[in-house]
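> quick check, what structure comes out for this input:
(2 chains)
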Amino acid sequence: MRLLEAAKRAGADLRARPVRSLMSSLGIAIGVAAVVAVLGVAQTNTQGLLNRLYALQDVLTVQSTGLAGGPSGVPLYALATVGRLAPVEAVAGVTQLDWTVTRSPLVPAGDTAGISVLAVEGDVPAATATQLLVGRELGPGDGLPVAVLGYQAARLLGIDRQLLPCRVWMDNRWVVVTGVLRPAPLAAVIDYSALVGYPFAQSAGAGLSGLGTMFVKVQPGSATAVSDIIPATAEPLTPVNVAVQEASSAVAAEIAARNSLDGLFLALVTVGVLVAGLGVANTLTVAVVEQRPEIGLARALGATRADIGLQFLSGGLILALGGALGGTVLGALGVLAYAWLASQLVIIPWEGVGAGIGAAVLVGVLASSYPAAKAASLPPSDVLRMVP
Amino acid sequence: MTAVPALELEKIGMEFGRTVRVRALSEVSLSIAPGEVCALTGPTGSGKSTLLAIMGTLERPSAGRVRVEGVDVATARDRTLARLRAQRIGFVFQTFQLHPRLSALGNVEQGLAYSAVSPSERRERAVAALADVGLADRAEHLPTQLSGGEQQRVAIARALAKEPSILLADEPTGNLDQAAAEMVVDLLLEGAGRQRALVLVTHNDALAGRLPRVVRLERGRLVADGSNAAA
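Model (predicted):
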């Protein structure tokens, strides 16, 4: 009851100074909104990445270890033997060539913009869980001088859908670009490469012996089982020469990297909330000075020190809670907007909301404790000396 | 059986200041009986308001002993003194001390905010007190919408609404014209008597002359304490 009365009086005092109260609350609101938004966007992103991870975890990367010696790379026939395994949906092999690709022969030979040339065999988009963005894929066993560009390679070469088909200068000959792939999150090497057919590469004297990397797309839930039998299937005589990696580890690392940045940002936000708490403390300290007559009057009318202290504590709590609730709404709206723009599932971080409100209450109590103690210590005789 | 005095002061001394000590009161002894009406007079700076603050438990004296209805102020806890002020002592100040953002009714209700009175009874008693001072029709007006005399009548209603046993008025007519001052004094005298003691601080000799007992302070010392035959 006393708390309710004190809160009513504190509310009336704050309403009497609306702009100052609003500005104090705004500091807390921005802090809490940032907490909710950062956590919400992080969780929305993480969920999006996890969804990608779930979609991509069925892609296996197969490479040669060279432990048992023999020819380098995964044998070409592995595409056929692995492709016959029941849970396997698609396979593709890629081998990096020492070719360069530029827009014209006039570009200096060393100016490759980091773009590689890959000889590919099999259905690369299906095996790497990506798709064709525009144009035409390489045909089966394509022996023509045609190429498909990875997403970043096309950007670096300045080739977009309006220019297709177009020519690029590859290893001292013109090659026609017929298509561009969407980003391949599992295979950065494909993103930054020009892909040509294995037959064409061989006919052009590339001297291929085995596959540099083989991508295997398997049915959901069968990645582990298939990865166990791939070495013996791909290279029955020396299975130790074959290493299989699940692509999910790369995405998990990406999530971890993003979460570590979120932690840093949250630390900055915490500092921001503490600074906002200083704003609340400042507002209430000024209020104590301004309200000395009212405080003296309340004491003359029978208020105890505790009544006065409680009133100022309530004021701090009202400012902090008001800010926290406003900040929660702002933050949630921010998350909604982000999720809508990024076409992702909305996730409101309830633990972040709870933490934000809890932190705001704590900051409110801490910020108002000094002004409350100061107000409570004012002598009641101030009422005789001050003119309101 | 002797009744417990409403106010009992024994050799009260009061000093202010830390580096430079200023003596405001010295060896003041005084007893006010329940229902007694008394004027406290003296020139400016004689210590009248300080003595009133001590009587009202707003200040603790530097020396001597004060008892308010038998309660020793020196040893009483803050909560006990606050309860005395909430239930037993009513104040009327020279500058009215009304809350500028509360209506006349709100100000009178505020006087009961810290006593053990329910909100509904608080409202009832505030309305009655405002009617007693003739301001029933100004209940919703803010202090800035009232004249000085009306504001002081609201302050008197605030003091009387809690039905105190001691009424302390510090220069209640100091900011008022003659007519308003007369009305305010009439109200205070009506409110006093029987079991309600009144101590009225004034440097107006004519006003002091209307009260049955006059106590005079000069330079912090009690120099006269006598009955007033004309009252």
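
> residue ranges of each domain in chain A, please.
Following automatic domain parsing, chain A resolves into domains at A:2-53+A:252-385, A:58-246.

> can you put these in a markdown table and add distance to residue B:169 and mean pLDDT?
Quick note: C-beta positions are derived from backbone N, CA and C, even for glycine. Below are those laid out as a markdown table (distance: least, C-beta to C-beta, whole Å; pLDDT from 0 to 100):
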| stretch | distance to residue B:169 | mean pLDDT |
| --- | --- | --- |
| domain A:2-53+A:252-385 | 12 | 80 |
| domain A:58-246 | 84 | 85 |
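
> want to throw those into TSV with distance to residue B:94 and mean neighbour count?
Shown next, in TSV, are these (distance: least, C-beta to C-beta, whole Å; neighbours: other C-beta atoms under 10 Å in any protein chain shown):
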stretch	distance to residue B:94	mean neighbour count
domain A:2-53+A:252-385	9	19
domain A:58-246	80	18
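
> residue B:34 touches residue B:6, doesn't it?
Yes - contact criterion C-beta atoms under 8 Å: residue B:34 and residue B:6 qualify, at 4.8 Å.

> now for the domains of chain A, which one comes closest to chain B?
Nearest to chain B, of all these, is domain A:2-53+A:252-385, at 2.4 Å by C-beta to the nearest C-beta.

> break down the stretch 101-250 of chain A into its helices, ranges please.
Ranges of helices within the stretch 101-250 of chain A are A:124-127, A:151-157, A:188-191, A:198-203, A:223-234, A:248-290, based on DSSP state H, counting those that start in this stretch.

> tabulate those helices in CSV, adding columns for distance to residue B:121.
Converted to CSV, those look like this (distance: least, C-beta to C-beta, whole Å):
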stretch, distance to residue B:121
helix A:124-127, 82
helix A:151-157, 78
helix A:188-191, 79
helix A:198-203, 97
helix A:223-234, 77
helix A:248-290, 31
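
> list the residues that contact residue A:346.
The contact partners of residue A:346, by C-beta atoms under 8 Å, 6 or more residues apart in numbering or on different chains, come to A:44, A:335, A:336, A:339, A:340.

> ok, the helix or strand the fourth one falls within near chain B or not?
Going back to what we said before, that points to residue A:339. Using DSSP states H and E, residue A:339 sits in helix A:305-341. Yes - on the criterion C-beta under 8 Å from any C-beta of the partner chain, helix A:305-341 is in touch with chain B at A:305, A:306, A:307.

> let's have the helices of the stretch 101-250 of chain A in a markdown table, adding distance to chain B.
Shown next, in a markdown table, are those (distance: least, C-beta to the nearest C-beta, whole Å):
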| stretch | distance to chain B |
| --- | --- |
| helix A:124-127 | 72 |
| helix A:151-157 | 65 |
| helix A:188-191 | 67 |
| helix A:198-203 | 86 |
| helix A:223-234 | 70 |
| helix A:248-290 | 12 |
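
> OK, now which residue of chain B is nearest to chain A?
Counting by C-beta to the nearest C-beta, chain B gets nearest to chain A through residue B:86 (2.4 Å).

> which residues does the closest residue in space to that residue that isn't next to it in sequence contact?
In this structure, residue B:86 finds its nearest non-sequential neighbour in residue A:302, 2.4 Å apart by C-beta to C-beta, 6 or more residues apart in numbering or on different chains. By C-beta under 8 Å, 6+ apart, the contact list for residue A:302 reads B:82, B:83, B:85, B:86, B:87, B:113, B:114, B:115.

> one more: residue A:124?
Residue A:124 makes contacts with A:92, A:94, A:138, A:148, A:181, A:190, A:195, A:215, as judged by C-beta under 8 Å, 6+ apart.

> same question, residue B:116
Counting by C-beta under 8 Å, 6+ apart, residue B:116 touches residue B:87.

> confirm it sits in a helix?
No - with DSSP: H, G, I helix; E, B strand; the rest coil as the criterion, residue B:116 is assigned coil and is not in a helix.

> what secondary structure does the residue nearest to the spatial centre of chain B sit in?
Geometric centre of chain B, nearest residue: residue B:168, 1.3 Å, by C-alpha atoms, centre = their mean. What three-state DSSP gives for residue B:168 is strand.

> so the spatially most central residue of chain A is in which element?
Centrality entry for chain A: nearest residue to the mean C-alpha point is residue A:45, 4.6 Å, by C-alpha atoms, centre = their mean. Residue A:45 belongs to helix A:18-56 when assigned by DSSP H and E.

> packing partners for that helix?
Packing contacts for helix A:18-56, counted by 3 or more C-beta pairs under 8 Å, 6 or more residues apart in numbering or on different chains; DSSP states H and E, involve helix A:248-290, helix A:305-341, helix A:350-376.

> those into CSV, with extra columns for distance to residue A:85?
Listed next are the helices and strands packed on helix A:18-56 as CSV, based on distance: least, C-beta to C-beta, whole Å:
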stretch, distance to residue A:85
helix A:248-290, 20
helix A:305-341, 39
helix A:350-376, 43
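
> how about the residues of chain B near chain A?
By C-beta under 8 Å from any C-beta, the residues of chain B that approach chain A are B:49, B:52-53, B:56-59, B:78-79, B:82-83, B:85-87, B:91, B:93, B:95, B:97-101, B:110-111, B:113-115, B:158, B:170.

> from those residues, which land in helices?
Within the residues of chain B next to chain A, residues falling in helices by DSSP state H are B:49, B:52, B:53, B:78, B:79, B:82, B:83, B:85, B:86, B:87, B:110, B:158.

> quick revisit: hey, what's the residue nearest to the centre of chain B bridged with?
Applying DSSP bridges to residue B:168 gives these bridge partners: residue B:91, residue B:199.

> if I read this right, it contacts residue B:56, doesn't it?
Yes - between residue B:168 and residue B:56 there is a contact under C-beta under 8 Å: 4.9 Å.

> joint contacts of the two?
Common neighbours of residue B:168 and residue B:56 (criterion: C-beta under 8 Å, 6+ apart): B:89, B:91.

> may I have the phi/psi pair for residue A:297?
Main-chain dihedrals, residue A:297, degrees, to the nearest 10: phi -60, psi -50.

> can you give me the offset of the helix or strand following the helix holding residue A:45 from its chain's centre?
Next along the chain after helix A:18-56, taking DSSP H and E as the criterion, comes strand A:59-64. In terms of C-alpha atoms, centre = their mean, to the nearest Å, the gap separating the centre of strand A:59-64 from the centre of its chain is 26 Å.

> who does strand A:59-64 touch, helix- and strand-wise?
With contacts defined as 3+ C-beta pairs under 8 Å, 6+ apart, strand A:59-64 has these neighbours: strand A:213-218, helix A:223-234, strand A:242-246.

> got a list of contacts for the longest one?
With C-beta under 8 Å, 6+ apart as the test, helix A:223-234 has contacts from A:57-58, A:60, A:62, A:74-75, A:78, A:81-82, A:85, A:87-88, A:214, A:216, A:218, A:239-244, A:246.

> could you list the buried residues of stretch B:136-153?
For stretch B:136-153, burial by neighbour count (16 or more other C-beta atoms under 10 Å in any protein chain shown) applies to B:138, B:139, B:141, B:142, B:143, B:146, B:148, B:149, B:150, B:151, B:152, B:153.

> what sits against residue A:74?
A:62, A:63, A:64, A:93, A:210, A:211, A:212, A:213, A:214, A:234, A:235, A:242.

> nearest spatial neighbour of the fifth one, chain-adjacent residues omitted?
Once its chain neighbours are removed from consideration, residue A:210 has its nearest residue in residue A:73; the separation is 2.5 Å (C-beta to C-beta, 6+ apart).

> wait, that neighbour touches residue A:209, no?
Yes - the pair residue A:73 / residue A:209 is scored as a contact, 6.1 Å apart, by C-beta under 8 Å.

> pick out the most distant pair among the ones in helices among the residues of chain B next to chain A.
Longest distance between any two of these is 25.1 Å, between B:49 and B:79; criterion C-beta to C-beta.
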